[in-house]
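*Asks:* attaching a predicted model along with its sequence, questions to come.
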Amino acid sequence: MSRIAYVNGRFVPHAHAEVHVEDRGYQFADGVYEVVLVQNGVMVDEIPHLDRLDRSLKELRIDPPMGRGALRAQMRELVRLNRIRTGLVYMQVTRGVAKRDHPFPKDARPSLVMTAKRIAMPSNDVVENGVKVITIRDIRWERCDIKTVALLPNVLGKQQARENGAYEAWQVDGDGNVTEGTSTNAWIVTQDGELLTRQASNDILNGITRLSILKLADRQGLKFVERPFSVEEAKQAREAFISSATSFVTPVTQIDDSVIGNGKAGTLSTGLRDSYLAYAAGEGATA
Ligand code: PDD
């Protein structure tokens, strides 16, 4: 079946989904995006994702391309047209098309494009044995809380991870503390069994999956703290994992050359992964 994309009000074959060469997203990375998980044909945490999209747009003073109701209808139509059961919706809003000049254009209309694709659930190997992450310097700007399409440091970091046989790269700030992965949030479980993830600030993207996991951890009465943790602390952790709309909760069993725990997915990570998947199929799907 051929894929269908959404481009500024029209559903078009993916192969013909095009924007203008002077779209400011293309020339200046002047735009924002969201990635929403689709499980059983239904979007997960749709409302929090749309709230974050609104926030990103507001921070950059880009007008929303349409009202929320209309946007939700278009997202549903895209999922339906592509017959997605397990997959994701990618949505991107830019400041629009204008003659290239740095200041905001006076009369550009924001561009909205959306694509949808199927994804496979992570393999049993990944779920049981976890993945490796490397640590790299965080060379990004001071507004990592905005989900902008300006992702060059993230792209370079992820590529470095791949070239080192790793799944993800954890970015490290000037104080030696982990900020987050290049497309995921970072978590550890200390030897005392405390769940740790960095607090939301301008230093990280406040992941929607992160927020759902914190909600689940709270409900389960797990001990958790939101604070920065160092690379050393992470290497001595009992467990580690990453979270995102596309990786859910994925256990981390190696950080650089250090094996975490016994090299297998830890019980707390596995438990949270199961709870998150149950949440995604139930409560999270009704939002
Ligand atoms: N990335 N941190 C960064 C830098 C991210 O790019 C993402 C998401 C996350 C996790 O956020 P969420 O739980 O809302 O997916 C954290 C998406 C999936 C991407 O760029 O493909």
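*Replies:* Sure thing, it's come through. Numbers count the residues shown, from 1 in each chain.

*Asks:* for this structure, what spans make up the helices?
*Replies:* 24-28, 46-60, 68-81, 124-129, 152-163, 208-219, 231-235, 267-281 (DSSP state H).

*Asks:* show me what the last one is packed up against.
*Replies:* Other elements packing on helix 267-281 under the criterion 3 or more CB pairs under 8 Å, 6 or more residues apart in numbering; DSSP states H and E are strand 31-39, strand 185-189, helix 208-219, strand 239-244, strand 248-255. To be clear about C-beta, it is placed using only N, CA and C from the backbone, and glycine gets the same treatment.

*Asks:* do the last one and the ligand meet?
*Replies:* Meaning strand 248-255. No. Strand 248-255 does not reach the ligand (CB under 6 Å from any ligand atom); its nearest approach is 9.1 Å.

*Asks:* could you spell out the sheet neighbours of that strand, each with its direction?
*Replies:* Paired neighbours of strand 248-255 in the sheet (DSSP bridges): strand 131-137 (parallel), strand 239-244 (antiparallel), strand 258-259 (antiparallel).

*Asks:* do the second one as well
*Replies:* Partners of strand 185-189 in the sheet, by DSSP bridges, are strand 195-197 (antiparallel), strand 239-244 (antiparallel).

*Asks:* quick one: low-confidence parts of the chain?
*Replies:* Across the chain, the ranges flagged by pLDDT under 70 are 1, 287.

*Asks:* show me which residues of it sit near the ligand.
*Replies:* 35, 154, 180, 183-185, 205, 207-210, 243-246.

*Asks:* out of the strands paired with strand 185-189, which comes closest to Asn8?
*Replies:* strand 239-244 (27.4 Å; CB to CB).

*Asks:* Provide a list of residues in contact with the most centrally placed residue in the chain.
*Replies:* Closest residue to the average C-alpha location of the chain: Ser244 at 4.6 Å, with CA atoms, centre = their mean. Ser244 makes contact with Val35, Gly181, Ser183, Thr184, Asn185, Gly207, Thr209, according to CB atoms under 8 Å, 6 or more residues apart in numbering.

*Asks:* so how many other residues sit close to Arg68?
*Replies:* 13 (other CB atoms under 10 Å).

*Asks:* ok, for Glu142, nearest residue in space, not its chain neighbours?
*Replies:* Asn202 (5.6 Å; CB to CB, 6 or more residues apart in numbering).

*Asks:* counting neighbours, what do you get for the residue in the stretch 51-200 of the chain positioned nearest to the ligand?
*Replies:* The ligand sits closest to Ser183 of the stretch 51-200 of the chain, with a gap of 4.0 Å, by CB to the nearest ligand atom. The tally of other residues near Ser183 (other CB under 10 Å) stands at 20.

*Asks:* just checking, it touches Lys158?
*Replies:* Yes. Ser183 lies in contact with Lys158 (CB atoms under 8 Å); the separation is 6.7 Å.

*Asks:* identify the contacts common to those two.
*Replies:* Common neighbours of Ser183 and Lys158 (CB under 8 Å, 6+ apart) are Glu168.

*Asks:* contact partners for the residue of the stretch 51-200 of the chain closest to the ligand?
*Replies:* Per CB under 8 Å, 6+ apart, neighbours of Ser183: Asn154, Lys158, Glu168, Ser244, Thr246.

*Asks:* ok, and the most crowded of those?
*Replies:* Going by other CB under 10 Å, Glu168 tops the contacts of Ser183 with 24 neighbours.

*Asks:* my read is that that one contacts Val131, right?
*Replies:* Yes. Contact criterion CB under 8 Å: Glu168 and Val131 qualify, at 6.8 Å.

*Asks:* what touches both of those two?
*Replies:* Shared contacts of Glu168 and Val131 (CB under 8 Å, 6+ apart): Ile242, Val252.
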